[in-house]
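Chemist: Next come a sequence and a model predicted from it.
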Amino acid sequence: MPKSSKKRKEKAADFAKAKLKLGKGKKAPSNVVDTSFKARSIVLPTQSITVEKDNVPTTRRKQTFGDILSLLRHHNAGVRKDAIFSAKELFNDHPDIITSSMAALFSACARLIGDTDAGVRKALLSFFEWLLVRVARDDLVPHVPQLLLFTTSAQTHIFPEIRIDAVRYLDLFLGVMPEYVVMGWNENGSGLGRRILDGYLGLLNVSTKFGQKASDGRTSAASTGSVTLSAQPFKTDYVLIYLKSRLVVLRSLSKFLCCAVCRPSVTEADVGNQGPATSSIPTWFLRPFFATTRLYEENGRLFKGLSMDNQEKPMFWTPEPSSESLDEDFVYNRDTVASLPVVSSILTELSDCFVDRDGSCPSAIDVDFLIRLARALHPTLIASYLDCAPVIFSPGINPSDTDLQLLTAAMEITRTLYSAVLQDASQGSEAAAHCDDLKALLGQLAGYFPFKPAHRDARVEQTFQNLSVTYCELVSLLVLVLSLPILELSPQGDNRTRSLPHTKVDKKLQMQAESVRTYVVRLLKGEGESDVQLPRPLTPTVYIALLPSIWALLNHLDGPNIHLGEDVSSTVLSAVLEHAIRTVSSSAVKHPTIEFVARLLLLEKERGYVGSFKPRGAAAEEKWLQWILHLPRVLWELGNSNLATSVTLIQALLRLLQRGSFVVRHEHIASLCARLVPFYTITHPSRGKIPGPFRKLAMSSPRAGRLALDLSAALLAERAKNVSRDSNSSSYQDLDDAIRAAIKDTVEEEYWAHLIDAMCPAPRSPPLPGGENAFDRTV
């Protein structure tokens, strides 16, 4: 029965009418045929048969530059990363197409700076590191705004890892084109520098509106950032980024500020730690001790290196120039030349006759902006010191590399900001009132100074030494500014007089200054710690960083009322001179030691110098003389191996002679002449007379060789002016014979004849027996 009932229902269903429901479509018949279809396209960019690629540069996968550009915009992250590698391969195999491809390449790659895939960003950063050093600077400049625009956009990305990678890109750009990255950083002029700085501050959770001041006069530093860089987790809604990310930001910010404040950081690579240092030493710490900016700048040009171009045209001095011999390189002004001193008076420098009468020198540093920035960063720097100092200076174990680098970056930022601020304060501005923040920062480290690791490790020891030197510089500059007497113009307006110090140095700061003095003297004398038998030698970087501290100590860093007084200056000066004499000629530190000691000695007769340090009254005249007399030996040992050091050494001796320094007296001239003889000609026991290092020096740099001849002529001229006081004329004769033997049958022979005729006039002394006079024996 059930079976027949089911069959009846199925038969009835064939004739039943389906009921339509609201919102439901009409049901398709059971016998309907589905005619819909789907189509898919296959893209084969590497197998195109319509394009001839025989004469087009391609990669190993037969990809052209156009193919790579299209793949850089692909939706798949792996394809984009492979396209970056293909671009590097293409340019490496075909470097001639780099210049013509820059516009399209940077347009495509700039959009990948903020790519959401970490692998793409890492590959692009590596590609830029490889590419930017191979692109000419003039070809790179037009694309800088586009690259920086996308980088600043990535700095404010919603994802924190993209922000951190944007900082890595900025760090790369700072090494290639720093002036364009920092342009407009203090809102002076056009550029994206201020947006970049705001990006740094946002990552550090510092207000980007730090220019606003609160009602109490202090700068507001309220948080507006959305990313917190901290070593410890906070219970906030901010995204958490750990210690390594904060290190990336602080290190890049330190580099940014160094470039912005026009005080580039000195590294071992810059000064050539393994080779000779050739760059001039910084002298910014001398600026407050000159009456005007123009006089300070004149002093800074004392040791500007000569151009070592061997193709320069030789020029000879004549009393009366002929009109046909003049060219566009020399402008003859009869009035100016007539006002010059007579040729025999070589004590007056030619630079005195061409003084720039415009004493104004606009400063490029906005000190008020730096003060606000330093105050805004003060909590971040304090936090870095508090987080890292106890871990780094723990007596148990050596610190991790991340903690050590983080403290180093924080101290570099402190030095960059407060050095510029305190330099302005030393010139009489109100910036000295902001020294309390620096005192608080240094107070966090005072208890650990001098810094030393728990265990011996060469790399860690060098980093600790750099930290100690930075601390010395900050303490020295701070105490020097606070104890610096106010400079006031005299009623006549031509000189400056000193008044009492305007700030009293507290006892805590005095104790820090005394520890700095002890540490600096120990470094210069080559004394290590009590448990270290072989101390670490000074590198050029460390020595140059010590110069501000040495200068502050020489100027009675502790103030005039402290019991140390003159002993501080004489002790430090003796250590400086002993180190300068002890340093071997082949050392990379020799060049900065020669220049710095020579600058100290020349300050005695420097125009506009108003400092308290006096070379003559430093009770070290014997060491001054030892340093002077050891220079000819250094010149002989150097030869032509280090032209910059040789030129600086010759310039130092020549300027000391020109200015009549108390160290180079008439009785010392004979010793200098005798020591210079082997530099020109060496007397060998079996080979006789052979040329000395002068011949190679003159061949390597004709201008350096003529500068050495100028020095020798000045020595002979000094002797010629005091013939009656001469007790040892053989050294002068030996020097003249050595010079003539060294320059025989060379182009310098005529130059030496002109030089002697001009600088050594006919003698007025009574004739010697035999019809000769004293000068005939010399020249």
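Modeler: Yep, it's here.
Chemist: helices and strands of the chain: which one has the lowest mean pLDDT?
Modeler: None of the helices or strands of the chain scores lower by mean pLDDT, DSSP states H and E than helix 774-778, at a mean of 36.
Chemist: Is K689 in a helix, a strand, or coil?
Modeler: Put simply, K689 is strand when judged by DSSP: H, G, I helix; E, B strand; the rest coil.
Chemist: Run through the bridge partners of it.
Modeler: Beta-bridge pairing for K689 (DSSP bridges): T683.
Chemist: what's the burial count for it?
Modeler: Using other CB atoms under 10 Å, the number of residues around K689 comes to 14. From N, CA and C alone the C-beta is placed, and that goes for glycine too.
Chemist: Check D96 too.
Modeler: For D96, the count of nearby residues is 8 (other CB under 10 Å).
Chemist: any idea how far L90 is from it?
Modeler: Using CB to CB, to the nearest Å, D96 is found at 11 Å from L90.
Chemist: for P145, same thing?
Modeler: Applying CB to CB, the value for P145 to L90 is 26 Å.
Chemist: Kindly report the same for N398.
Modeler: For N398 relative to L90 (CB to CB), the value is 46 Å.
Chemist: So which of these two has more stuff around it?
Modeler: L90 (22 against 17).
Chemist: ok, for the more buried one, nearest residue in space, not its chain neighbours?
Modeler: Once flanking residues are discounted, L90 sits nearest to T59: 5.2 Å by CB to CB, 6 or more residues apart in numbering.
Chemist: Tell me which stretches of the stretch 651-779 of the chain form strands.
Modeler: Listed in chain order, the strands of the stretch 651-779 of the chain (DSSP state E, counting those that start in this stretch) span 681-684, 688-691.
Chemist: So for A446, which of these sits nearest?
Modeler: Closest to A446 of the strands of the stretch 651-779 of the chain is strand 681-684 (CB to CB; 55.0 Å).
Chemist: so where does R195 fall, helix or strand?
Modeler: Using DSSP states H and E, the element containing R195 is helix 193-203.
Chemist: sorry, back to before: count of neighbours near the residue nearest to L90?
Modeler: T59 is flanked by 20 other residues according to other CB under 10 Å.
Chemist: Equivalent analysis for the one 10 residues further on, please.
Modeler: Counted with other CB under 10 Å, the burial measure for L69 works out to 17 neighbours.
Chemist: What of the one 5 residues further on?
Modeler: Using other CB under 10 Å, H74 is surrounded by 14 other residues.
Chemist: mind checking the SS state of it?
Modeler: Under three-state DSSP, H74 falls in the coil class.
Chemist: try N186
Modeler: What three-state DSSP gives for N186 is coil.
Chemist: where in the stretch 551-700 of the chain is pLDDT low?
Modeler: Across the stretch 551-700 of the chain, the ranges flagged by pLDDT under 70 are 556-568, 617-619.
Chemist: Quick check: pLDDT value at S307.
Modeler: Model confidence at S307, expressed as pLDDT, equals 44.
Chemist: what does the one 10 residues further on give?
Modeler: What the model reports for W317 is a pLDDT of 52.
Chemist: cool, and the one 5 residues further on?
Modeler: The predicted local distance difference test score for S322 is 53.
Chemist: tell me the contacts of L381?
Modeler: With contact set as CB atoms under 8 Å, 6 or more residues apart in numbering, L381 has these partners: A410, I413, T414, L441.
Chemist: ok, and it, which helix or strand is that part of?
Modeler: Using DSSP H and E, L381 maps to helix 367-392.
Chemist: That helix vs helix 193-203, what angle?
Modeler: Computed by axes from the mean of the first three to the mean of the last three CA atoms, to 10 degrees, the angle separating helix 367-392 from helix 193-203 equals 30 degrees.
Chemist: Spell out the secondary structure type for the nearest residue to M183 once chain neighbours are set aside.
Modeler: Closest residue to M183 apart from its sequence neighbours, by CB to CB, 6+ apart: G191 at 3.0 Å. What three-state DSSP gives for G191 is coil.
Chemist: and the residue nearest to L90, backbone torsions?
Modeler: Backbone torsions for T59, taken as degrees, to the nearest 10, come to phi -90, psi -180.
Chemist: Hmm, it is touching D93, no?
Modeler: Yes: between T59 and D93 there is a contact under CB atoms under 8 Å: 7.5 Å.
Chemist: any common contacting residues for those two?
Modeler: Counting by CB under 8 Å, 6+ apart, no residue touches both T59 and D93.
Chemist: in the helix holding L381, what counts as buried?
Modeler: 367, 369-378, 380-385, 387-389, 392 (16 or more other CB atoms under 10 Å).
Chemist: what's the answer for stretch 652-664, then?
Modeler: Applying 16+ other CB under 10 Å to stretch 652-664 flags A652, L653, L654, R655, L656, L657, Q658, R659, S661, V663, V664 as buried.
Chemist: And for stretch 448-462?
Modeler: Y448, F449, P450, F451, K452, P453, V460, E461.
Chemist: For the residues you listed, could you give me JSON lines that also reports distance to K255?
Modeler: Formatted as JSON lines, the buried residues of stretch 448-462 follow (distance: CB to CB, whole Å):
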{"residue": "Y448", "distance to K255": "25"}
{"residue": "F449", "distance to K255": "25"}
{"residue": "P450", "distance to K255": "27"}
{"residue": "F451", "distance to K255": "23"}
{"residue": "K452", "distance to K255": "27"}
{"residue": "P453", "distance to K255": "25"}
{"residue": "V460", "distance to K255": "22"}
{"residue": "E461", "distance to K255": "24"}
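Chemist: who's in contact with Y180?
Modeler: Here Y180 is in contact with V141, V144, L148, F173, G191 (CB under 8 Å, 6+ apart).
Chemist: roughly how far apart are N55 and T64?
Modeler: Separation of N55 from T64 (CB to CB) stands at 11 Å.
Chemist: quick one, which of these two is more surrounded?
Modeler: Neighbour count, other CB under 10 Å: between N55 and T64, T64 has more, with 18 against 5.
Chemist: That one touches P57, doesn't it?
Modeler: Yes: using CB under 8 Å, T64 is in contact with P57, at 7.1 Å.
Chemist: Tell me the predicted confidence for S223.
Modeler: pLDDT at S223 comes out at 40.
Chemist: repeat for G428
Modeler: Note on G428: pLDDT of 52.
Chemist: related to what we said a few turns ago, quick one: mean pLDDT for the helix holding R195?
Modeler: Averaging pLDDT along helix 193-203 yields 90.
Chemist: Same question for stretch 574-585: list its buried residues.
Modeler: Across stretch 574-585, burial judged by 16+ other CB under 10 Å covers S574, A575, V576, L577, E578, H579, A580, I581, T583, S585.
Chemist: how much space is there between the second one and L602?
Modeler: If you measure A575 against L602 using CB to CB, the figure is 20 Å.
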